[in-house]
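Asks: Provide a 3D model corresponding to the input given below.
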Amino acid sequence: QVQLVESGGGLVQAGGSLRLSCAASGDTACLTAMGWYRQAPGKERELVAHISISSGERTYPADSVKGRFTISGDNAKNTVYLQMNNLKPGDSAVYSCNAVCLRGILNTFYWGQGTQVTVSS
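Replies: Okay, here's the model as predicted:
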(Lines give C-alpha, C1' and ligand atoms only; values in the text may rest on other atoms or scores of the structure.)
Protein backbone atom coordinates (compact mmCIF):
# COMPACT_ATOMS: atom_id res chain seq x y z
CA GLN A 1 0.00 0.00 0.00
CA VAL A 2 0.99 3.59 -0.65
CA GLN A 3 -0.33 6.55 1.27
CA LEU A 4 -0.32 10.06 -0.18
CA VAL A 5 -0.70 13.19 1.92
CA GLU A 6 -1.11 16.54 0.23
CA SER A 7 -0.63 19.99 1.63
CA GLY A 8 -0.27 23.56 0.50
CA GLY A 9 -3.65 24.49 -0.87
CA GLY A 10 -5.51 27.61 0.11
CA LEU A 11 -6.88 30.94 -1.00
CA VAL A 12 -4.77 33.27 -3.09
CA GLN A 13 -5.37 36.33 -5.22
CA ALA A 14 -5.00 36.21 -8.96
CA GLY A 15 -1.37 36.55 -9.93
CA GLY A 16 -0.21 34.91 -6.73
CA SER A 17 1.61 31.65 -6.15
CA LEU A 18 1.12 28.45 -4.21
CA ARG A 19 3.19 25.33 -3.79
CA LEU A 20 1.49 22.01 -3.28
CA SER A 21 3.28 19.07 -1.70
CA CYS A 22 2.48 15.38 -1.90
CA ALA A 23 4.33 13.07 0.47
CA ALA A 24 4.26 9.36 -0.25
CA SER A 25 4.76 6.67 2.37
CA GLY A 26 4.45 2.91 2.56
CA ASP A 27 5.58 0.77 -0.38
CA THR A 28 7.21 3.66 -2.22
CA ALA A 29 9.79 1.45 -3.92
CA CYS A 30 7.12 0.39 -6.42
CA LEU A 31 6.36 3.93 -7.59
CA THR A 32 7.06 4.73 -11.23
CA ALA A 33 5.30 8.03 -11.67
CA MET A 34 3.41 10.70 -9.81
CA GLY A 35 1.16 13.45 -10.96
CA TRP A 36 -1.25 16.18 -10.05
CA TYR A 37 -4.85 16.24 -11.20
CA ARG A 38 -7.46 18.89 -10.62
CA GLN A 39 -11.21 19.01 -10.77
CA ALA A 40 -13.39 22.08 -10.65
CA PRO A 41 -17.14 21.92 -9.94
CA GLY A 42 -19.04 20.76 -12.99
CA LYS A 43 -15.87 19.93 -14.91
CA GLU A 44 -14.04 16.74 -15.64
CA ARG A 45 -10.89 15.87 -13.78
CA GLU A 46 -7.80 16.77 -15.76
CA LEU A 47 -4.15 15.84 -15.48
CA VAL A 48 -2.16 18.96 -14.79
CA ALA A 49 1.39 17.69 -14.45
CA HIS A 50 3.20 14.36 -14.41
CA ILE A 51 6.70 13.26 -13.45
CA SER A 52 8.55 10.01 -14.00
CA ILE A 53 10.21 8.75 -10.83
CA SER A 54 13.05 7.02 -12.65
CA SER A 55 13.87 9.53 -15.38
CA GLY A 56 12.55 12.75 -13.89
CA GLU A 57 10.80 13.51 -17.18
CA ARG A 58 8.02 16.02 -16.71
CA THR A 59 4.93 16.57 -18.82
CA TYR A 60 2.18 19.14 -18.66
CA PRO A 61 -0.85 17.82 -20.55
CA ALA A 62 -2.98 20.82 -19.64
CA ASP A 63 -2.08 23.64 -22.03
CA SER A 64 -3.54 26.21 -19.67
CA VAL A 65 -0.80 25.66 -17.07
CA LYS A 66 2.26 25.50 -19.32
CA GLY A 67 4.76 28.13 -18.37
CA ARG A 68 3.07 28.74 -15.02
CA PHE A 69 3.15 25.41 -13.20
CA THR A 70 6.22 23.31 -12.44
CA ILE A 71 6.26 19.80 -11.07
CA SER A 72 9.33 18.56 -9.23
CA GLY A 73 10.28 15.68 -7.02
CA ASP A 74 12.53 14.88 -4.10
CA ASN A 75 13.15 11.15 -4.24
CA ALA A 76 14.90 11.15 -0.88
CA LYS A 77 11.75 12.51 0.75
CA ASN A 78 9.33 10.62 -1.52
CA THR A 79 7.68 13.96 -2.13
CA VAL A 80 6.39 15.65 -5.25
CA TYR A 81 5.74 19.36 -5.51
CA LEU A 82 3.62 21.50 -7.76
CA GLN A 83 4.74 25.10 -7.92
CA MET A 84 1.94 27.24 -9.27
CA ASN A 85 2.72 30.79 -10.35
CA ASN A 86 0.61 33.55 -11.84
CA LEU A 87 -2.53 31.83 -10.66
CA LYS A 88 -5.82 32.62 -12.35
CA PRO A 89 -9.40 32.21 -11.15
CA GLY A 90 -9.74 29.39 -13.67
CA ASP A 91 -7.14 27.43 -11.70
CA SER A 92 -9.53 27.11 -8.77
CA ALA A 93 -10.18 23.43 -8.16
CA VAL A 94 -9.51 20.52 -5.89
CA TYR A 95 -6.00 19.33 -6.65
CA SER A 96 -5.24 15.68 -6.05
CA CYS A 97 -1.97 13.82 -6.06
CA ASN A 98 -1.75 10.52 -7.91
CA ALA A 99 0.91 7.82 -7.78
CA VAL A 100 1.43 4.82 -10.02
CA CYS A 101 2.82 1.68 -8.41
CA LEU A 102 4.12 -1.13 -10.60
CA ARG A 103 4.25 -4.61 -9.10
CA GLY A 104 5.15 -7.21 -11.68
CA ILE A 105 2.97 -6.30 -14.66
CA LEU A 106 0.17 -4.73 -12.65
CA ASN A 107 -0.18 -0.98 -12.16
CA THR A 108 -2.01 0.25 -9.10
CA PHE A 109 -3.12 3.86 -8.79
CA TYR A 110 -3.19 5.67 -5.48
CA TRP A 111 -4.78 9.01 -4.66
CA GLY A 112 -4.36 11.62 -2.02
CA GLN A 113 -7.30 13.20 -0.25
CA GLY A 114 -7.19 16.36 -2.34
CA THR A 115 -6.48 19.95 -1.42
CA GLN A 116 -8.59 22.96 -2.36
CA VAL A 117 -7.05 25.80 -4.32
CA THR A 118 -9.13 28.94 -4.67
CA VAL A 119 -7.96 31.90 -6.72
CA SER A 120 -9.85 35.14 -6.24
CA SER A 121 -10.05 37.80 -8.92
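Asks: Just give me the longest strand of the protein.
Replies: Ordering each strand of the chain by length in residues (DSSP state E) puts strand 93-103 first.
Asks: buried sites along the helix or strand that that one is followed by?
Replies: Reading on from strand 93-103 to the C-terminus, the next helix or strand found by DSSP states H and E is strand 106-111. Neighbour-count burial for strand 106-111, counted by 16 or more other CB atoms under 10 Å, picks out Y110. All C-beta spots, glycine's among them, are computed from the backbone N, C-alpha and C.
Asks: quick one: strand 106-111 to strand 93-103, angle?
Replies: Between the axes of strand 106-111 and strand 93-103, defined by axes from the mean of the first three to the mean of the last three CA atoms, to 10 degrees, the angle is 150 degrees.
Asks: elements contacting strand 106-111?
Replies: strand 2-7, strand 93-103 (3 or more CB pairs under 8 Å, 6 or more residues apart in numbering; DSSP states H and E).
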